[in-house]
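K.L.:
sequence and predicted structure, then a few things I'm wondering about:
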Amino acid sequence: MEKGNVVSLEDRIPKLKQQRRKKANRRLIVLLLLFFSMIVFVIYFQSPLSRVKEISISGNQTYTTKELIAVSGLSKKTNIWKVDKGAIEGRLKELPEISGAEIKTRLPNTVDIKVAEHNRIAYIAKEKSFLPVLENGMILSKQEITDIPVNAPLLLGFKEGDVLLEMIDSLESLPKEVLNAISEIHYSPKETDEYHITLYMNDGFEVSATLRSFSEKMAHYPSIISQLDPGVSGVIDLEVGSYFKAYGPEGDDSRGEEEEEEGER
């Protein structure tokens with residue numbers, strides 16, 4: 001039998017001690033790194049470096065950046081780690097024109113706020129001022145403007161409720177070119193139709209309609225007026241079918257029938 005190499009226990013002891021020393025050193029290094037990392041984090045958490053330095057606002061048109069920052073409750077004293085995104089979103093959505101908000105934090109000290117606003121779909125006349133009407137049917141009674149709105153129809157005789165909501169839904173479904181052609185919409189209910197409305201267009205025509213079929217028929221307005229003499233003003237009746245009645249000294253009808261197929265296109 002071939003005699004193998006024999007290592008004595010005395011020779012192995014120094015190697016074992018060296019291995020144990022290396023393991024102990026590695027553990028110590030790891031513990032020291034963790035310890036110093038905690039110290040650095042605590043110092044950073046308590047220092048001005050962890051406070052909000054920049055607040056970015058986007059998506060706002062109605063409210064200024066300064067107004068939204070004030071409502072959010074954020075300031076340069078706010079700790080970036082203590083930013084309550086849910087609470088900030090809730091405060092912003094309490095504003096009547098804010099439909100949603102998204103809050104993000106970016107280290108080391110930046111907060112990004114992106115808001116979504118309800119569209120102003122129309123305006124309601126109130127004495128000598130005008131109140132914005134939002135797409136959700138809310139009338140902003142505290143945001144009166146004195147200049148005649150040119151970017152949305154003017155509503156007269158409407159109040160908050162089902163009729164106004166249906167009016168807004170109808171306006172939202174109209175093509176933009178048709179919506180921009182409307183100057184005024186008067187709520188003019190009849191005994192036979194509580195949803196009757198009268199429109200005055202920017203091109204001089206008057207439209208008599210019912211909200212029950214308004215959006216469907218009004219979508220064809222450009223096609224209807226293309227068949228009429230632009231020099232003859234009158235009423236386009238969209239209540240039943242569609243026909244034109246010219247203004248005249250005796251109210252004579254001058255009917256250019258827009259057949260039922262016009263409303264079915």
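P.N.:
Good, I have the coordinates.
K.L.:
what ranges do the helices span in the stretch 101-250 of the chain?
P.N.:
In the stretch 101-250 of the chain, helices defined by DSSP state H, counting those that start in this stretch lie at 162-172, 176-181, 214-218, 221-225, listed in chain order.
K.L.:
just name the most buried of those.
P.N.:
Mean neighbour counts were taken over those using mean count of other C-beta atoms under 10 Å, and the top value, a mean of 21, falls to helix 214-218. Every C-beta, even on glycine, is put in place using the N, C-alpha and C of the backbone.
K.L.:
who touches that one?
P.N.:
Applying C-beta atoms under 8 Å, 6 or more residues apart in numbering, the contact partners of helix 214-218 are 169-171, 173-174, 178, 197, 207, 209, 238, 242, 263.
K.L.:
got CSV for these, with pLDDT and distance to G86 too?
P.N.:
Output for the contacts of helix 214-218, formatted as CSV (pLDDT from 0 to 100; distance: C-beta to C-beta, whole Å):
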residue, pLDDT, distance to G86
D169, 92, 31
S170, 94, 36
L171, 94, 34
S173, 92, 34
L174, 93, 37
V178, 94, 41
I197, 97, 42
V207, 97, 47
A209, 96, 45
L238, 95, 48
S242, 88, 52
G263, 39, 48
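K.L.:
so which of the residues you listed comes closest to L131?
P.N.:
L131 has its nearest neighbour among the contacts of helix 214-218 in L171, at 15.8 Å by C-beta to C-beta.
K.L.:
do I have it right that that closest one meets L154?
P.N.:
No - with contacts counted by C-beta atoms under 8 Å, L171 stays clear of L154, the gap being 11.9 Å.
K.L.:
what touches both of the two?
P.N.:
In contact with both L171 and L154: A122, using C-beta under 8 Å, 6+ apart.
K.L.:
would you turn the helices of the stretch 101-250 of the chain into a markdown table with distance to V150?
P.N.:
Shown next, in a markdown table, are the helices of the stretch 101-250 of the chain (distance: least, C-beta to C-beta, whole Å):
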| stretch | distance to V150 |
| --- | --- |
| helix 162-172 | 16 |
| helix 176-181 | 9 |
| helix 214-218 | 20 |
| helix 221-225 | 19 |
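K.L.:
of those, which is nearest S50?
P.N.:
helix 162-172 (45.3 Å).
K.L.:
with just CA atoms, put that closest one into CSV.
P.N.:
Coordinates of each C-alpha in helix 162-172 appear next as CSV, following Å, rounded to 0.1, in the frame of the first residue of the first chain:
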residue,chain,number,x,y,z
ASP,A,162,-81.6,66.2,-15.2
VAL,A,163,-82.4,68.6,-18.1
LEU,A,164,-79.0,70.3,-17.8
LEU,A,165,-77.2,67.0,-17.5
GLU,A,166,-78.9,65.8,-20.7
MET,A,167,-78.1,69.0,-22.4
ILE,A,168,-74.4,68.6,-21.5
ASP,A,169,-74.3,65.0,-22.6
SER,A,170,-75.8,66.0,-25.9
LEU,A,171,-73.2,68.8,-26.4
GLU,A,172,-70.4,66.5,-25.6
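K.L.:
starting at the chain centroid, how far to it?
P.N.:
A distance of 18 Å separates the centroid of the chain from that of helix 162-172, by C-alpha atoms, centre = their mean, to the nearest Å.
K.L.:
tell me the helices and strands packed up against it.
P.N.:
strand 120-126, strand 182-187, helix 214-218 (3 or more C-beta pairs under 8 Å, 6 or more residues apart in numbering; DSSP states H and E).
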